[in-house]
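> Using only what follows, build the 3D model:
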Amino acid sequence: MPSVNNSRSRENLSIWLPNAKKTHDAGRSLAATLYAKPVTILLNGPLGAGKTTFLQGFAAGLGIDEPVTSPTFALEQRYRASTGQELLHLDLYRLSPEDARQMMHSSENHTGIRCIEWAERAPMLSFDEPVVRINLEEKNDGRQLRISFEDVAICTNEDVAAWQKETALQPHIVAHCHAVAQMACDLAKHMLEDGSIVRPLLLQQSAELHDVLRFLDFRPGAAPPYVVASMHEQSVWQQWKNKFPAMRHEEACSAFLRELGYHAMAEIIRTHGWHLAPRERKTTEQKLLFYADKRVAFDQRVTLKDRFADFAKRYAETTDSEMRARWYEETVTVERELFPSGVPF
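Got it, this is the predicted structure:
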């Protein structure tokens with residue numbers, strides 16, 4: 001078993017926002033892709049770049065009903081999100097560098113979401129907690145949003161390959177995971193181009209591992225006819241079954257990654273199956289993985305109807321038609337939520 005990862009990875013994004021509505025919507029989308037709490041959001045950009053508009057969208061995404069305004073004169077504002085967590089909004093614009101540092105230090109034990117405007121007023125200040133850095137600037141009659149996530153651990157491609165080997169994951173499952181990861185990332189790219197904040201690297205690595213313990217749920221007749229488990233594979237799988245007794249593969253994979261310190265990846269993978277209520281899928285990456293997985297049969301992209309026809313054929317003995325119909329409608333609902341103008345492919 002590899003050692004626990006206590007570091008945080010960095011993922012950088014750049015998004016073009018042509019107008020105020022897209023800026024507001026981008027802020028709203030940020031609320032659906034946060035995995036670490038407490039977290040500090042550093043919001044920078046010149047006057048008029050759209051920081052307040054972005055923050056208003058972010059607050060709306062958190063379920064904050066009261067108006068959100070710049071706290072320039074009050075220096076700080078506090079809001080209560082629908083989850084019960086507090087959003088603390090600080091504005092350092094009128095402070096000297098020393099006063100700005102003192103104000104940031106005074107709130108460093110905040111347990112919710114801390115959003116700091118004009119954080120550049122306190123240069124060289126380091127952060128031990130998870131951080132999201134956001135910069136907005138006016139450009140070509142619109143705004144350029146640059147965002148750096150430094151809040152969660154993301155595994156490497158080498159980690160993925162090592163864990164696939166450690167679990168004796170069969171090639172057709174590896175190919176399925178890779179195809180789902182590519183599908184999910186293509187969908188994420190489409191959303192980014194439309195102005196939504198999505199985290200492709202975090203999503204891709206989670207998707208590559210979403211079925212790494214799939215053998216925990218193997219059913220006779222579900223695998224391709226050419227696939228036969230070797231004695232070595234069966235022996236390895238039994239060791240993992242002993243480690244995660246009575247767990248489905250989604251739950252077990254989530255537990256495995258949490259043990260290693262990859263909590264965000266664990267949370268994304270945990271909800272990609274059918275056996276949790278839809279309300280459990282709260283983040284954009286959770287929904288994208290869930291949906292992409294339902295658009296890939298083995299390693300081929302297919303329509304939802306074709307995927308569910310294949311599903312019905314392979315699992316006819318373990319699921320009834322009413323249950324499959326409910327799952328199909330659940331997937332269509334996610335599709336409409338993610339792509340209200342229509343799925344791109």
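> And what about V152, helix, strand or coil?
Three-state assignment for V152 (DSSP: H, G, I helix; E, B strand; the rest coil): coil.
> residue contacts, the nearest residue in space to it that is not next to it in sequence?
For V152, ignoring the flanking residues on the chain, the nearest one in space by Cβ to Cβ, 6 or more residues apart in numbering is A264 at 3.8 Å. C-beta coordinates here come from the backbone N, C-alpha and C atoms, glycine included. Applying Cβ atoms under 8 Å, 6 or more residues apart in numbering to A264 gives the contacts Y35, A36, D151, V152, A153, I154, L202, S206.
> Among those residues, find the lowest-pLDDT one for me.
pLDDT across the contacts of A264 is lowest for A36, at 94.
> ok, that one - contacts?
A36 neighbours (Cβ under 8 Å, 6+ apart): P130, D151, V152, H263, A264.
> The first one against P38, yeah?
I take that to be P130. Yes. Counting by Cβ atoms under 8 Å, P38 is a contact partner of P130 at 7.3 Å.
> So between those two, which is more surrounded?
P130 (19 against 16; other Cβ atoms under 10 Å).
> show me what contacts the more buried one?
Shown in contact with P130 (Cβ under 8 Å, 6+ apart): R8, A36, P38, V39, T40, E150, D151, V152.
> so how far is F256 from the second one?
If I follow you right, that is A36. Here the criterion is Cβ to Cβ, to the nearest Å. By it, A36 lies 19 Å from F256.
> next one: the last one
Summarising the geometry, the distance separating V152 from F256, computed by Cβ to Cβ, is 16 Å.
> helix, strand or coil for L47?
Assignment for L47 (three-state DSSP): coil.
> tell me the domain ranges of this structure?
Domain ranges of the chain: 11-150, 157-338, per automatic domain parsing.
> now those in CSV, with distance to P344?
Conversion of the domains of the chain to CSV gives the following (distance: least, Cβ to Cβ, whole Å):
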stretch, distance to P344
domain 11-150, 17
domain 157-338, 5
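> mind checking which of these is nearest V4?
Minimum separation from V4 across these (Cβ to Cβ) falls at domain 157-338, 4.5 Å.
> how long is that closest one from one end to the other?
End-to-end distance of domain 157-338 (Cα to Cα, to the nearest Å): 27 Å.
> the helices in this structure, which residues?
Shown for the chain, the helices assigned by DSSP state H span residues 20-30, 51-61, 97-106, 157-166, 171-193, 200-208, 231-243, 249-259, 263-270, 284-293, 304-314, 321-338.
> Now rank the contacts of A264 by neighbours and give me the top one.
Going by other Cβ under 10 Å, S206 tops these with 31 neighbours.
> my guess is R80 meets L88, correct?
No. The pair R80 / L88 is not scored as a contact, 10.8 Å apart, by Cβ under 8 Å.
> if you count what's nearby, which of the two comes out ahead?
The neighbour count for R80 versus L88, taken as other Cβ under 10 Å, is higher for L88 (20 against 15).
> so what's that one bridging to?
For L88, the beta-bridge partners are R78, R114 (DSSP bridges).
> show me the contacts for it.
By Cβ under 8 Å, 6+ apart, the contact set of L88 is E76, Q77, R78, S107, H110, G112, I113, R114, C115.
> most centrally placed residue in the chain?
E285 (3.5 Å; Cα atoms, centre = their mean).
> Helix or strand with the lowest mean pLDDT in this structure?
helix 97-106 (a mean of 84; mean pLDDT, DSSP states H and E).
> contacting residues around that one?
L75, E76, L90, L92, L95, I116, W118, A119, R121, A122, P123, L125.
> list the buried ones in it?
By 16 or more other Cβ atoms under 10 Å, the buried positions in helix 97-106 come out as A100, R101, M103, M104.
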